[in-house]
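Colleague: here is my input, please return the structure:
(chains A and B)
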There are 2 protein chains.
Amino acid sequence: MSQATQGPVITKVSELSASEARWVTLQKIEYLDQTGASRTWEVATRKTRGKAGVDAVAMGNVLLHPSRPPSTMIVIQYRPPLDAYTVEWPAGLIDAEETAEQAAVREFKEETGYDCKVVSMSPVLAADPGMTNTNMQLVMVEAQLGESDELPEQRLDDGERIERVVIPLSEFYDRLVEYTKKPRFVIAAKLFHFAAGMEFAKTQKYY
Amino acid sequence: MSQATQGPVITKVSELSASEARWVTLQKIEYLDQTGASRTWEVATRKTRGKAGVDAVAMGNVLLHPSRPPSTMIVIQYRPPLDAYTVEWPAGLIDAEETAEQAAVREFKEETGYDCKVVSMSPVLAADPGMTNTNMQLVMVEAQLGESDELPEQRLDDGERIERVVIPLSEFYDRLVEYTKKPRFVIAAKLFHFAAGMEFAKTQKYY
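Modeller: Reported below is the predicted structural model:
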């Protein structure tokens, strides 16, 4: 992959003050616990949450092709926080005036090029509850593909570069694990947990 | 649940400077993207990562009881960042000198009271790659229970209060969804994704 061989380079990492930050910030929470004792907790929060009350959506997607096995599309992009290429389901922040469902359809189109149908929406989920109040919804979508081989054009923002990979659902877990053997590739935890859950259900001996 | 009826109360939320923070901080990353253009990214990071190079572990667990269906234990605790009770698998930060596997066994014992056997370790996964460099490993564990009904004693830190709930694996997804109907309860995204993956594999019509 060309991204990996001539990839981005971090030139400087510096401390960022909460007031200077535009996208994220830090807060100190003071609270009384269940015994009445006074405690504090440090939390990172997004500054961008809109009227939906939810920060982000991720699209668990099934691509239905007339003559190929049912598949899912993962996206690979350079993520500065990790200085690595992450393997994720298409995802994005919900705009200020959008519903989660609208954001799902819009972001899926932007990142994959496909129109999709929303099949189900998860409850609002906590992304990383010990550290942040960030929340998200998993939106399951389907895209009906034509016979053509060509990937539709993405609608990426200036500077965005997102590689698309189509994986048959039956190979989902194994193909994710393969990526972890490549240098500078990291799998997103939520995506991996879904695939691991599928694999667990398929291979478990418990019930 | 008594926690929910006489639960903790947040008394103050204030901005926290990165230098004052002990557990988390904010950084500004400056980088050159794949086209050579100069860009910046804001990131929240933990200050506690030790020699394992991984922040945290979560324990996907199977409880094997002589006469009951195979089950999993979830833990419910008040999480100040969300001002809510979160439903999660047992999890915790890896101490400075620990391996991920050691942390998994220690934290599982602390939160559930049970000794466990590590069955498998996931690759290192990115918790929320757009916002943070936080990473974790999903550690699948098994605990062999005796016939007794009694839950073993937890080894919680001062002030920690963690409720344990045992759920048959066959009811995992449905029971999680039930929790989202309770006021002030939120499911952790990674846990939900695993259960949703199991449910998808069981009920999907695609392959």
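Colleague: so which bits of stretch A:135-153 are buried?
Modeller: Buried residues in stretch A:135-153, counting neighbours by 16 or more other C-beta atoms under 10 Å in any protein chain shown, are found at A:135-141, A:143, A:145. Just so you know, the C-beta spots here come from the backbone N, C-alpha and C atoms, and that holds for glycine as well.
Colleague: for stretch A:101-108, same thing?
Modeller: For stretch A:101-108, using 16+ other C-beta under 10 Å, the buried residues are A:101, A:103-108.
Colleague: three-state assignment of the residue in chain A that chain B sits nearest to?
Modeller: Nearest to chain B in chain A, going by C-beta to the nearest C-beta, is residue A:197, at a distance of 2.5 Å. Look at residue A:197: counting by DSSP: H, G, I helix; E, B strand; the rest coil, its state is helix.
Colleague: what's the nearest residue to it if we skip its chain neighbours?
Modeller: Excluding the flanking residues, the one nearest residue A:197 by C-beta to C-beta, 6 or more residues apart in numbering or on different chains is residue B:197, at 2.5 Å.
Colleague: report how many residues lie close to the one you found.
Modeller: Per other C-beta atoms under 10 Å in any protein chain shown, the neighbour tally for residue B:197 reads 26.
Colleague: what mean pLDDT would you report for stretch A:84-95?
Modeller: Throughout stretch A:84-95, pLDDT has a mean value of 96.
Colleague: and the end-to-end length of that stretch?
Modeller: 26 Å (C-alpha to C-alpha, to the nearest Å).
Colleague: do that stretch and chain B come into contact?
Modeller: Yes. Judged by C-beta under 8 Å from any C-beta of the partner chain, stretch A:84-95 and chain B are in contact via A:84, A:86, A:88, A:91, A:93.
Colleague: for that stretch, buried residues please.
Modeller: Within stretch A:84-95, judged by 16+ other C-beta under 10 Å, the buried ones are A:84-94.
Colleague: bridging across strands, which residues link to the residue nearest to the spatial centre of chain A?
Modeller: Among the residues of chain A, the one closest to the centroid is residue A:91, at 4.3 Å (C-alpha atoms, centre = their mean). Counting by DSSP bridges, residue A:91 forms beta bridges with residue A:58.
Colleague: picking up where we left off before, mind listing which of the residues of stretch A:84-95 next to chain B are in helices?
Modeller: Of the positions in the residues of stretch A:84-95 next to chain B, not one sits in helices, assigned by DSSP state H.
Colleague: tell me which of the residues you listed is nearest to residue A:15?
Modeller: Minimum distance to residue A:15 across the residues of stretch A:84-95 next to chain B is 21.7 Å, recorded for residue A:84 (C-beta to C-beta).
Colleague: my guess is that closest one meets residue A:183, correct?
Modeller: No. Using C-beta atoms under 8 Å, residue A:84 is not in contact with residue A:183, being 9.1 Å away.
Colleague: need the buried residues of stretch A:101-108 in CSV with secondary structure, can you?
Modeller: Putting the buried residues of stretch A:101-108 into CSV (three-state DSSP) gives the following:
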residue, secondary structure
A:101, helix
A:103, helix
A:104, helix
A:105, helix
A:106, helix
A:107, helix
A:108, helix
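Colleague: format the residues you listed as JSON lines; extra columns: distance to residue A:121.
Modeller: Formatted as JSON lines, the buried residues of stretch A:101-108 follow (distance: C-beta to C-beta, whole Å):
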{"residue": "A:101", "distance to residue A:121": "7"}
{"residue": "A:103", "distance to residue A:121": "11"}
{"residue": "A:104", "distance to residue A:121": "8"}
{"residue": "A:105", "distance to residue A:121": "12"}
{"residue": "A:106", "distance to residue A:121": "15"}
{"residue": "A:107", "distance to residue A:121": "14"}
{"residue": "A:108", "distance to residue A:121": "13"}
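Colleague: could I get those residues as a markdown table with distance to chain B and pLDDT?
Modeller: Formatted as a markdown table, these follow (distance: C-beta to the nearest C-beta, whole Å; pLDDT from 0 to 100):
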| residue | distance to chain B | pLDDT |
| --- | --- | --- |
| A:101 | 17 | 97 |
| A:103 | 14 | 97 |
| A:104 | 15 | 98 |
| A:105 | 19 | 98 |
| A:106 | 16 | 97 |
| A:107 | 12 | 96 |
| A:108 | 16 | 97 |
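Colleague: quick one on the thing from earlier: roughly how far does the residue nearest to residue A:197 sit from residue B:138?
Modeller: Going from residue B:197 to residue B:138 by C-beta to C-beta, to the nearest Å gives 12 Å.
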